[in-house]
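K.L.:
pasting the structure only:
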Ligand code: TEU
Ligand code: CA
């Protein structure tokens with residue numbers, strides 16, 4: 001697949017994110033698991049993806065669904081055994097799929113041995129975390145204080161929940177532990193890591209921060225020089241020794257900071273996830289909405305296309321709402337808009353990430369009320385809103401439409417009662433639209449979203465312009481995204497009408513080679529609602 005022997009494998013890769021809890025349950029306990037993933041490897045191969053990003057599978061008390069790790073070198077019994085994991089790695093390898101593990105190194109669970117020993121007063125392990133006699137004014141990601149009082153009367157730092165104490169990255173022992181952990185998994189045959197919140201690791205100081213609406217205190221730890229140094233050391237000591245792909249989840253990241261992290265010459269990360277496009281329709285905090293305007297999304301994507309050589313492109317993940325709800329239209333144009341978003345994500349420059357269920361056009365959860373929601377972030381938000389005296393009705397509305405659980409509902413495999421996800425009771429409510437939005441139904445339908453994904457993936461793989469070419473935006477109506485992807489042999493014009501009405505556009509290029517409308521429906525002076533098309537040019 002790679003053009004030259006030296007080209008890094010991930011530069012042409014298409015990655016599929018699995019949130020194990022919601023993917024496929026093999027034993028009827030209602031929770032997705034590793035044998036479930038193994039049973040779907042052929043499905044993924046058929047879809048055409050090259051790598052899987054596996055959300056955390058480590059032992060965890062599960063307050064943040066595995067993003068609170070209590071043992072980095074084990075497997076959560078809810079998901080299976082180490083043998084299952086080894087089997088997954090070797091079976092995937094046999095069919096040419098690589099595995100990227102999600103590693104949360106900014107914090108552990110408070111039930112990790114290290115933290116337990118720290119609380120017992122063991123000085124070695126106390127220095128793994130951040131204990132202080134006094135709190136500062138920092139705000140946490142989950143809307144509560146960042147400091148929790150211990151029985152001894154002092155406080156520990158946690159940027160997320162109190163169940164997720166932050167590690168002290170100024171302590172070289174913490175670095176050495178993580179080196180061991182990364183080698184342990186790489187030696188088992190995985191191909192890299194998705195590093196959770198990786199630009200927050202190294203705290204320069206614990207000074208009070210400037211007061212902000214979101215994340216007061218962040219200037220003390222975001223993108224610090226100490227943080228860059230840690231990544232360079234990991235790269236030198238571990239990653240460069242294996243053929244890894246390392247993608248960092250980076251919060252509040254700007255293009256300039258991202259360039260520093262991804263610049264090949266600096267030997268830090270390979271790619272980063274940016275977030276701007278997730279916030280197009282919110283005001284400061286995600287619970288407060290403003291109207292979605294496609295031009296804002298287009299402007300942001302264009303900015304990131306120009307900033308980085310290999311942007312990690314995604315339209316949804318386990319922390320966000322479903323993209324077809326976010327940027328598409330789930331009533332009249334569900335199929336068309338889901339295909340448009342597929343076309344967009346898979347024709348941009350960079351590394352496309354597909355989140356489980358996105359390929360069949362899964363929509364947000366249809367929760368009946370707050371009682372259906374399980375996420376800790378939603379729980380905390382509800383508590384917070386209660387303190388502000390928001391009515392139940394309002395809290396319900398704000399939380400249901402934005403909760404992370406919207407993307408975490410079980411994958412819909414068929415039209416049976418529990419959507420083929422489980423034979424038991426699913427841990428999170430399955431969307432009732434599984435009667436028609438499901439893998440089995442879509443496999444049999446030539447015109448389905450799923451088959452569109454397959455064709456688009458194939459198209460991308462067979463096109464040098466799409467997988468390796470340059471990107472350039474072309475002037476267009478502000479809510480239509482038109483760009484070229486070009487290499488020496490091939491120039492493609494990509495058209496994305498991001499709206500639910502017709503849009504007049506200039507027609508460039510010679511032949512329509514791909515699209516989400518039938519050729520007899522395609523016009524040469526305007527685009528139809530959510531139309532996606534690729535036009536080749538004779539150069
Ligand atoms: O998310 C980090 C992060 O930046 C979150 O604040 C994210 O913006 C939030 O979930 C949106 O509501 C990572 C994981 O992806 C997330 O699932 C974890 O909860 C979090 O780290 C803590 O480990
Ligand atoms: Ca299970």
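P.N.:
Yep, that arrived. Quick caveat, the model's predicted, so the values are computed rather than measured. Ligands and ions are numbered 1, 2, ... in the order given.

K.L.:
my guess is residue 374 contacts residue 405, does it?
P.N.:
Yes: contact criterion CB atoms under 8 Å: residue 374 and residue 405 qualify, at 6.0 Å. In short, each C-beta sits where N, CA and C put it, glycine included.

K.L.:
common neighbours of the two, please.
P.N.:
When CB atoms under 8 Å, 6 or more residues apart in numbering defines a contact, the residues bordering residue 374 and residue 405 alike are residue 428.

K.L.:
the more surrounded of those two?
P.N.:
Taking neighbours as other CB atoms under 10 Å, residue 374 and residue 405 compare with residue 405 leading, 24 against 18.

K.L.:
which residues does the helix or strand of the chain with the lowest mean pLDDT contact?
P.N.:
When the helices and strands of the chain are scored by mean pLDDT, DSSP states H and E, strand 285-289 comes last with a mean of 89. For strand 285-289, the external contacting residues (CB under 8 Å, 6+ apart) are 213-214, 279, 281-283, 381, 385, 398-399, 401-402.

K.L.:
hmm, try it at 10 Å
P.N.:
143, 213-214, 278-279, 281-283, 319-321, 377-378, 381, 384-385, 390, 395, 397-399, 401-404 (CB atoms under 10 Å, 6 or more residues apart in numbering).

K.L.:
tell me the first helix or strand C-terminal of the biggest helix by length in the chain.
P.N.:
In the chain, taking DSSP state H as the definition, the longest helix is helix 172-187. Next helix or strand after helix 172-187 toward the C-terminus (DSSP states H and E): strand 192-195.

K.L.:
count of neighbours near the nearest residue to residue 171 once chain neighbours are set aside?
P.N.:
The shortest distance from residue 171 to any non-neighbouring residue, by CB to CB, 6 or more residues apart in numbering, is to residue 127 (5.1 Å). Using other CB under 10 Å, residue 127 has 15 other residues around it.

K.L.:
end to end, how far does stretch 429-443 reach?
P.N.:
24 Å (CA to CA, to the nearest Å).

K.L.:
now that stretch: average pLDDT?
P.N.:
Stretch 429-443 carries an average pLDDT of 98.

K.L.:
what comes up buried for it?
P.N.:
429-431, 433-434, 437-442 (16 or more other CB atoms under 10 Å).

K.L.:
what is the nearest of these to ligand 1?
P.N.:
Comparing those against ligand 1 with CB to the nearest ligand atom places residue 429 closest, at 19.2 Å.

K.L.:
what's near enough to touch the closest one?
P.N.:
365-368, 371-374, 405, 409-410.

K.L.:
the helix or strand following the least confident helix or strand of the chain packs against which elements?
P.N.:
Scanning forward in sequence from strand 285-289 by DSSP H and E, the next helix or strand is helix 294-307. Other elements packing on helix 294-307 under the criterion 3 or more CB pairs under 10 Å, 6 or more residues apart in numbering; DSSP states H and E are helix 255-262, strand 312-313, helix 334-347, strand 470-474, strand 480-486, strand 491-497.

K.L.:
out of the ones you listed, which gets nearest to ligand 1?
P.N.:
Closest of those to ligand 1 is strand 312-313, at 13.3 Å (criterion: CB to the nearest ligand atom).

K.L.:
for the helix or strand following that closest one, name the packing helices and strands.
P.N.:
Remark: after strand 312-313, the chain's next helix or strand is helix 323-326, criterion DSSP H and E. Here helix 323-326 touches helix 334-347, going by 3+ CB pairs under 10 Å, 6+ apart.

K.L.:
roughly how far is the helix it packs on from the heart of the chain?
P.N.:
17 Å (CA atoms, centre = their mean, to the nearest Å).

K.L.:
quick one: strands adjacent to the next helix or strand after it?
P.N.:
On the C-terminal side of helix 334-347, the nearest following helix or strand under DSSP H and E is strand 351-355. The sheet places strand 351-355 alongside strand 15-18 (parallel), strand 312-313 (parallel), with pairing taken from DSSP bridges.

K.L.:
mean neighbour count and mean pLDDT added to the ones you listed, as a markdown table?
P.N.:
Converted to a markdown table, the strands paired with strand 351-355 look like this (neighbours: other CB atoms under 10 Å; pLDDT from 0 to 100):
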| stretch | mean neighbour count | mean pLDDT |
| --- | --- | --- |
| strand 15-18 | 24 | 98 |
| strand 312-313 | 26 | 98 |
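
K.L.:
spit out the contact partners of the nearest residue to residue 78 once chain neighbours are set aside.
P.N.:
Once flanking residues are discounted, residue 78 sits nearest to residue 31: 5.3 Å by CB to CB, 6+ apart. Going by CB under 10 Å, 6+ apart, residue 31 touches 20-23, 25, 62, 76, 78-79, 410, 421-422, 424, 426-428.

K.L.:
for those residues, which single residue is the most surrounded?
P.N.:
Of the contacts of residue 31, with other CB under 10 Å as the count, residue 410 tops at 30 neighbours.

K.L.:
is the closest residue to ligand 2 within the stretch 101-250 of the chain bridged to anything, and to what?
P.N.:
Going by CB to the ion, ligand 2 is nearest to residue 102 of the stretch 101-250 of the chain, at 18.7 Å. Bridge pairing for residue 102 (DSSP bridges) gives the partners residue 194.

K.L.:
that one and residue 17 touch, don't they?
P.N.:
Yes: at 8.8 Å, residue 102 and residue 17 qualify as touching, with contact defined as CB atoms under 10 Å.

K.L.:
overlap in contacts, these two.
P.N.:
53-55, 194, 318.

K.L.:
and ligand 2, which of the contacts of residue 31 contact it?
P.N.:
Among the contacts of residue 31, the ones lying near ligand 2 by CB under 5 Å from the ion are residue 25.

K.L.:
residue 115: neighbour count?
P.N.:
Residue 115 has 23 nearby residues by other CB under 10 Å.

K.L.:
sec struct for it, please.
P.N.:
Using DSSP: H, G, I helix; E, B strand; the rest coil, the structure places residue 115 in helix.

K.L.:
gap between the closest residue to it other than its chain neighbours and ligand 1?
P.N.:
Excluding its sequence neighbours, the residue lying closest to residue 115 (CB to CB, 6+ apart) is residue 165, at 5.5 Å. As judged by CB to the nearest ligand atom, to the nearest Å, residue 165 and ligand 1 stand 12 Å apart.

K.L.:
quick one: residues contacting residue 165.
P.N.:
68, 107-110, 112, 114-115, 118-119, 128-131, 148, 156-159.

K.L.:
quick revisit: go ahead and build a ChimeraX selection from the buried members of the contacts of strand 285-289.
P.N.:
Buried residues among the contacts of strand 285-289 (16+ other CB under 10 Å), as a ChimeraX selection:
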select :143,278,281,319,320,321,377,378,381,384,385,390,395,398,399,402,403,404
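
K.L.:
for residue 41, grab the count of nearby residues.
P.N.:
16.

K.L.:
excluding chain neighbours, give the residue nearest to the residue nearest the centre of the chain in space.
P.N.:
The chain has residue 317 as the residue nearest its centroid, 3.9 Å off, counting by CA atoms, centre = their mean. The shortest distance from residue 317 to any non-neighbouring residue, by CB to CB, 6+ apart, is to residue 355 (5.1 Å).
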